[in-house]
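K.L.:
Just to be clear, the model below is a prediction. Sequence and coordinates:
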Amino acid sequence: MEQLSVNHLLGIKDLNDADIQLIFSTADQFKEVLNRPIKKVPSLRDITIANLFFENSTRTKLSFELAEKRLSADVINFSAAQSSVKKGETLLDTVNNILAMKVDIIVMRHPNPGSALFLSQNVNACIVNAGDGTHEHPTQALLDAYSIKEKLGDLRGRKIAIVGDILHSRVALSNIYALKKLGAEVKLCGPKSLIPKHIESLGVSLSTDLIKTLKWCDAVNMLRVQNERMDLNYFPSNREYAQLYGLNAKKLESLKKDIIILHPGPINRGVEITSDVADSKNAIILDQVENGVAIRMAVIYLLAAKLNISSK
Ligand code: CP
């Protein structure tokens, strides 16, 4: 069996091209399973996974849980808000107590960049990063790239734009790594205040002009404005942001071509994207969510195989 080059999924930065292709081809097989009447395989009957969420989540949390259950793993869920973290327990104490219950894989979302790496260096379990602060969100980037590939085919030479709040976005960084490794050209577009300094060093181009960017690209990923991470005013108002960087039907019609529209969710309707565009035929937002389950099944299955405890 082909194997991943990594023992944890901490970020796309650590993956090579073959890893990404292996995750995609494995996801293809699981997508086929998910479309059967019985959407479950016995592959991970003997492993236990803990989903630790120290930050809010709808898609990622449910998608991981469903992926794990479709693989027949035993699953436990932990939400910081209802836990002894509120009584002052440290991350390491919390995780070591969970691991004492014979857990094999930890899926963790945490507000601190680097928290998944920290865990991988300090506990004896396979770690999957489900989003660490403003750093990386690797499974989101994998499902985004997989969903674009499903529509456009090979991404080599394809032009992909990422628009909006790049500064606070773990989705943007993981997408840049994934798309570049797959051979796509990547352009970032947004207000200067929301584009990190020196990000061109990752091999992306920059623009502050949304219409020019949309005319250039084959697919655009409209990022959420992350108000909860903003301690300053990065733009004058949501109204001005929507005028300059929001995607609406009028701007799309002016392109005189079709482009694919992605959004990682949750959507601020009327800010980064209007409802008519989010719900239009060119938007693949729900395909992204559907593909997320197959991608996360693939990631968990391939990492479990490296633990030598998969029974498939
Ligand atoms: N895309 C994403 O990570 O969504 P959630 O925050 O709902 O998990």
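P.N.:
Received it, and whenever you're ready, just let me know what you need.

K.L.:
what ranges do the helices span in this protein?
P.N.:
Assigned by DSSP state H, the helices in the chain fall at 17-34, 59-70, 91-99, 115-122, 138-152, 170-181, 210-216, 238-245, 249-254, 275-278, 285-306.

K.L.:
Please point out which parts of the shortest one sit buried.
P.N.:
By that I understand helix 275-278. 277-278 (16 or more other Cβ atoms under 10 Å). From N, CA and C alone the C-beta is placed, and that goes for glycine too.

K.L.:
likewise the third one?
P.N.:
Of the residues in helix 91-99, 91, 94-95, 98-99 count as buried by neighbour count, 16+ other Cβ under 10 Å.

K.L.:
for the first one, same thing?
P.N.:
Using 16+ other Cβ under 10 Å as the test for burial, helix 17-34 gives 19-20, 22-24, 26-27, 30-31, 33-34.

K.L.:
Which residues are in contact with the residue nearest the centre of the chain?
P.N.:
In the chain, the centroid-proximal residue (Cα atoms, centre = their mean) is Gln140; its distance is 1.3 Å. When contacts are counted by Cβ atoms under 8 Å, 6 or more residues apart in numbering, Gln140 touches 60, 131, 170-171, 174-175, 264, 292.

K.L.:
can you pick the most crowded of the residues you listed?
P.N.:
If you count neighbours using other Cβ atoms under 10 Å, the busiest of the contacts of Gln140 is Asn175, which has 32 neighbours.

K.L.:
Distance of the nearest residue to that residue once chain neighbours are set aside relative to the ligand?
P.N.:
Excluding its sequence neighbours, the residue lying closest to Asn175 (Cβ to Cβ, 6 or more residues apart in numbering) is Ala141, at 4.6 Å. Ala141 sits 10 Å away from the ligand, going by Cβ to the nearest ligand atom, to the nearest Å.

K.L.:
if I read this right, Ala141 contacts Lys181, doesn't it?
P.N.:
No - at 9.8 Å, Ala141 does not count as touching Lys181 under the criterion of Cβ atoms under 8 Å.

K.L.:
Name the residue in these two with the higher neighbour count.
P.N.:
Using other Cβ under 10 Å, the more surrounded residue of Ala141 and Lys181 is Ala141, with 28 against 19.

K.L.:
can you tell me which residues contact that one?
P.N.:
Neighbours of Ala141 in contact, by Cβ under 8 Å, 6+ apart: 12, 171, 174-175, 177-179.

K.L.:
What residues does the residue of the stretch 151-300 of the chain found nearest the ligand make contact with?
P.N.:
Closest to the ligand within the stretch 151-300 of the chain is Pro264: 4.0 Å, counting by Cβ to the nearest ligand atom. Contacts for Pro264 (Cβ under 8 Å, 6+ apart) come out as 59, 137, 140, 144, 171, 221, 223-224, 288.

K.L.:
What does the pLDDT read for it?
P.N.:
Note for Pro264: predicted pLDDT of 97.

K.L.:
can you check Thr94 too?
P.N.:
With respect to pLDDT, Thr94 has a value of 95.

K.L.:
Thought Ser83 was touching it, still the case?
P.N.:
Yes - contact criterion Cβ under 8 Å: Thr94 and Ser83 qualify, at 7.1 Å.

K.L.:
Please list the residues of the stretch 1-150 of the chain that sit near the ligand.
P.N.:
57-61, 131, 137, 140 (Cβ under 6 Å from any ligand atom).
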